[in-house]
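Undergrad: quick one, what's the 3D model for this:
(chains A and B)
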Amino acid sequence: MNTDVTSSALSSLLRALAPHMPSANIISQNDRMRPFEADALTMFKQLPLCVVLPENETQLKALLCACSALNIGVVTRGAGTGLSGGATPSAGAVLLVMSKFNCIIEVDGDNGVACVQAGVRNAAISEAAAVHGLYYAPDPSSQIACSIGGNVAENSGGVHCLKYGLTVHNVLKVRVMLMSGEVIELGGLAPDAVGLDLLPVFIGSEGMLGVVTTVWVKLVPKPRHAEVILASFPTVQSAADAVANVIAAGLIPAGLEMMDAASTAAVEAYLHAGYDLEAAALLLCESDGEPDVVAQEIAAMSQILREAGATRLQVSQNEAERLKFWAGRKSAFPAAARLAPDYYCMDGTIPRKSLGRILTAIAAMEQEFGLQCLNVFHAGDGNMHPMILFNGADPDEVERAEHFGAKILEASIALGGTITGEHGVGLEKIGHMCMQFTDEERGAMWAVKAAFDPPGLLNADKAIPTLHRCAEFGRMHVHHGEMPFPDLPRF
Amino acid sequence: MSDTVSAWQMRIHEAQASGTPLRIRGAGTKDFYGTCVGDVLDTRAHTGIVSYEPTELVVTVRAGTPWAELVRALDERQQCLPFEPPFVAQGATVGGVVNAGLTGAARLYVGGIRDYVLGAHLLNAQGELLKLGGQVMKNVAGYDLSRLLVGSRGTLGLMTQVSLKVLPQPKAVLTLRLSCDFRSAQVLCRRFLVKPIAVTGSAWLNGVLTVRLAGMAAAVSAGVVMLDGWAYECVGGSFARVDEAEAVAFWGALQEQSLPYFSARPSDEHALWRAVLPTAVDGLTVHADTGLAMWGGALRWLWAVEDLSMPFKAAGGHATCYRTPLSGRVYPTALAASNEQRVQAALKMQFDPKHIFNRHRFDTVTHAGHATVEMHHVP
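TA: Residues are numbered from 1 along each chain as shown, chains lettered A, B, ... in the order given. Modelled structure (predicted):
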């Protein structure tokens, strides 16, 4: 963007905002904006026009009205833990940071509802609800840091979403400010919408339709007890079959995760979780709830896993052991980071039945591209996170890694899956959207955008590519193990 | 593409050219639910299960398929779609169930229809076939337009097929009954929301609360103990077990809306209202201790002469005139807040600018013709 145009837009905006908010809530110096130039996908960096941190809806409205009047774009950011570049600033656009909307307004323990502002952390909701024996179920790995507003934008899931659902299943109502400065409330505490149900299309819309200010979430009883089975399998296919058999028996585990031998070796070297290094694949299969029910489920699941050919079966004997079993799975990402200077983390979903096929295909691609790939899976729902190891200093390896990743996503779509199971499209997968959706299908998405945001100013260059934009590629790139938020467990 | 879908595309092109509205209709079990305008486009020829993998917990089915046929296929594999839509015995189709968005006693405990939709195919106003969502549990690519179809009453386009997440059937089911007034029932039922109890249905009618427990055998037995404790605390009574055949008949009649209550119109002046409240709201003073209540009191079915839309709106809920009075009196359609309505209308305009699909469907139908505000009219 032309520098003169930018500086004139900035001064117009600052003039418009001056009567409405303290100057401390606006950051426009480049050096102070650096911490905001990327979300957790740091391969994309961009300085915004300025960073604005409103404290309340009045200030937010002033900002959106001013931007509408001046035709300035807005990118909304929560805690910045997103993995697809959805909150990467856009050149010449305001970065709207919602972190000052951090108030837990009400926890209604009698009805299982919490009303919180958009910037409240996911884990803080469960902490506040704990006195009532309740919690907020969706548990993205970044839950200690990520905000509920960001969860709404991304329709976040987590390990327990097979049983407890994604954000869309657990949010009752959202209060949203449109680009026009108008406030609308979608969903409600009374079930069922009046007219068209706009809430489910808003959830997961990646900040392109409106700015979430307040969220009402469903709270559910905290399970009194949980146990996990750690099972070893001689082949990936036998582990995949075991997953199918558990489901076919009418059991829905609270968590069902799979790791291949390469991942197991990596985490065992890193953490010594006691994993079986002889196994071709490990399954972690959890049950939670009332102790009697858990005992019944664990017995049933153990039998199924054994019959499916498990060579070793360990059931956690106490909470410490349960957490130890999970610790290995949760450290798969930092463990991978120790094996190579760089890795690409993919995020596709496939139908579960194709698990064996995709792993076989990935093994062939390892040969084809001469690069190693570790595989960790949310086996319960077919969401996979292959990690392609490479050396970013070698341009040839970078190119091979990129092709490898693209080929995995193509294979996912060919198997009836999707290019993103939980990280979102953002900037990262905008090119792949054209692989999955036709012009007409993306047209329908743009029609929704036009209904909510007629001038098209909200996060305009993300998630839904225009006809002209179907060319970009990219993935989460981790260089020298330098992860953003390295202390967060990653799935 | 099937011949049926191609033929429908032709119909849509013709409708666009002539500006004639199309009335999308399956078995017609919900013809009373809003106004019907236009040439009928019958979906019943487009049937069959496209794919069903029990171990994937996903079924994909064509819109004209009777819901009962889908239920039979799931039954064979001990799976289910637990939200209990009405009029299945009368032939309700998959497309009609999804587009009407109506659910039964289990809804508050197992989720609504949109919680089970993973993807759908839609013929839009240009006759283009759009594949929305997908067939996998976790999918965040693009906006989720498939869930938007639930309850849209066919106003956004012609849904040709849908992919739904299914669940295992519960291993054990038990129904219990307790005599109590509505308020006590509501207090007791509120605990289902926040305690680890395997409840999948509640209904209060004529001073009797009926509760269904379902899940693993251990969960059901634990539930009985909890329920008895609460019954003692709330009304000093205890729950009685209901015979299995009687329980199946009761929940079936409730789902099908064939309980005598649904047809017991007190007079020609009475309308049947479907009124929904937040679970936190206690019984309103209007008709506080009458009617049929489900979802722990969050869903009320009330025969009334007066307009109930305002008191329920004031209490944070909404009320729709579900069966109009025989006298022909007109009640206003339940409407969202005006700014949300504007976005809904803008969305409809984007999807169907000429209002080809199910024109006026959100309006209340009366014997005197349809009336009141057209929801999708852009001011």
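
Undergrad: so what's B:Ser163 up against?
TA: Residues in contact with B:Ser163 (CB atoms under 8 Å, 6 or more residues apart in numbering or on different chains) are B:Val58, B:Val59, B:Thr60, B:Val117, B:Leu118, B:Gly119, B:Ala120, B:Gly133, B:Gly134, B:Gln135, B:Ser146. Any C-beta I mention is one placed from the backbone N, CA and C, and that applies to glycine too.

Undergrad: in TSV: the residues you listed, plus secondary structure and distance to chain A.
TA: Compiled in TSV, the contacts of B:Ser163 are given as follows (DSSP: H, G, I helix; E, B strand; the rest coil; distance: CB to the nearest CB, whole Å):
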residue	secondary structure	distance to chain A
B:Val58	strand	7
B:Val59	strand	12
B:Thr60	strand	10
B:Val117	strand	8
B:Leu118	strand	10
B:Gly119	strand	10
B:Ala120	strand	11
B:Gly133	strand	9
B:Gly134	coil	5
B:Gln135	coil	6
B:Ser146	coil	9
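
Undergrad: and the spatially most central residue of chain B, what pLDDT?
TA: Nearest to the mean C-alpha position of chain B, by CA atoms, centre = their mean, lies B:Leu102 at 1.0 Å. pLDDT recorded at B:Leu102 is 98.

Undergrad: same check on A:Gly157?
TA: For A:Gly157, pLDDT reads 89.

Undergrad: that one and B:Lys138 touch, don't they?
TA: Yes: the criterion here is CB atoms under 8 Å, and A:Gly157 meets it with B:Lys138 at 5.7 Å.

Undergrad: where's the spatially most central residue of chain A, which helix or strand?
TA: Chain A has A:His423 as the residue nearest its centroid, 3.6 Å off, counting by CA atoms, centre = their mean. Taking DSSP states H and E as the definition, one finds A:His423 inside no helix or strand.

Undergrad: right, and it touches B:Asn139 too?
TA: No: contact criterion CB under 8 Å: A:His423 and B:Asn139 do not qualify, at 11.6 Å.

Undergrad: can you give me the first-to-last residue distance of stretch B:206-225?
TA: 25 Å (CA to CA, to the nearest Å).

Undergrad: and if you look at stretch B:348-361?
TA: 12 Å.

Undergrad: let me see the mean pLDDT of the helix or strand hosting B:Leu213.
TA: Per DSSP H and E, B:Leu213 falls inside strand B:208-215. Strand B:208-215 carries an average pLDDT of 97.

Undergrad: equivalent analysis for stretch A:251-260, please.
TA: Stretch A:251-260 shows a mean pLDDT of 95 in the predicted model.

Undergrad: ok, it near chain B or not?
TA: Yes: for stretch A:251-260 and chain B, the contact criterion (CB under 8 Å from any CB of the partner chain) is met by A:Leu251, A:Ile252.

Undergrad: distance from the chain centre to that stretch, please.
TA: Relative to its chain's centre, stretch A:251-260 lies at 18 Å (CA atoms, centre = their mean, to the nearest Å).

Undergrad: one more: stretch A:123-139?
TA: Per CA atoms, centre = their mean, the centroid offset for stretch A:123-139 relative to its chain is 19 Å.

Undergrad: can you mark which positions in it are buried?
TA: Neighbour counts over stretch A:123-139 (16 or more other CB atoms under 10 Å in any protein chain shown) mark A:123-126, A:128-129, A:132, A:134-139 as buried.

Undergrad: the strand holding B:Leu213 pairs with which strands, and in what direction?
TA: strand B:172-179 (antiparallel), strand B:199-205 (antiparallel) (DSSP bridges).

Undergrad: could you dump those strands into CSV and include mean pLDDT and mean neighbour count?
TA: Below are these laid out as CSV (pLDDT from 0 to 100; neighbours: other CB atoms under 10 Å in any protein chain shown):
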stretch, mean pLDDT, mean neighbour count
strand B:172-179, 98, 19
strand B:199-205, 97, 24
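
Undergrad: related to what we said a few turns ago, now do the shared contacts for A:Gly157 and B:Lys138.
TA: Each of A:Leu166, A:Asn383, A:Gly421, A:Glu422 lies in contact with both A:Gly157 and B:Lys138 under the rule CB under 8 Å, 6+ apart.

Undergrad: which of those residues sit farthest apart?
TA: A:Leu166 and A:Asn383 (10.8 Å; CB to CB).

Undergrad: and for those two, which residues touch both?
TA: Contact with both A:Leu166 and A:Asn383 is made by residues A:Gly157, B:Lys138, according to CB under 8 Å, 6+ apart.

Undergrad: which SS class is the residue nearest to A:Ala332 when sequence neighbours are not counted?
TA: Spatial nearest neighbour of A:Ala332, excluding adjacent residues (CB to CB, 6 or more residues apart in numbering or on different chains): A:Val376 at 4.7 Å. Here A:Val376 is strand, with the state taken from DSSP: H, G, I helix; E, B strand; the rest coil.

Undergrad: what's the distance between A:Val376 and B:Val59?
TA: To B:Val59, A:Val376 is 28 Å away according to CB to CB, to the nearest Å.

Undergrad: one more: B:Val98?
TA: For B:Val98 relative to B:Val59 (CB to CB), the value is 13 Å.

Undergrad: circling back to that earlier point, identify the residues contacting the strand holding B:Leu213?
TA: Residues outside strand B:208-215 that contact it (CB under 8 Å, 6+ apart): A:293, B:105-106, B:170-180, B:185, B:188-189, B:197-204, B:219-220, B:223-224, B:227, B:239, B:242, B:247, B:250-251.

Undergrad: other SSEs contacting the longest helix along chain A?
TA: In chain A, taking DSSP state H as the definition, the longest helix is helix A:395-414. Packing contacts for helix A:395-414, counted by 3 or more CB pairs under 8 Å, 6 or more residues apart in numbering or on different chains; DSSP states H and E, involve strand A:342-345, strand A:348-349, helix A:355-369, strand A:383-390, helix A:433-436.
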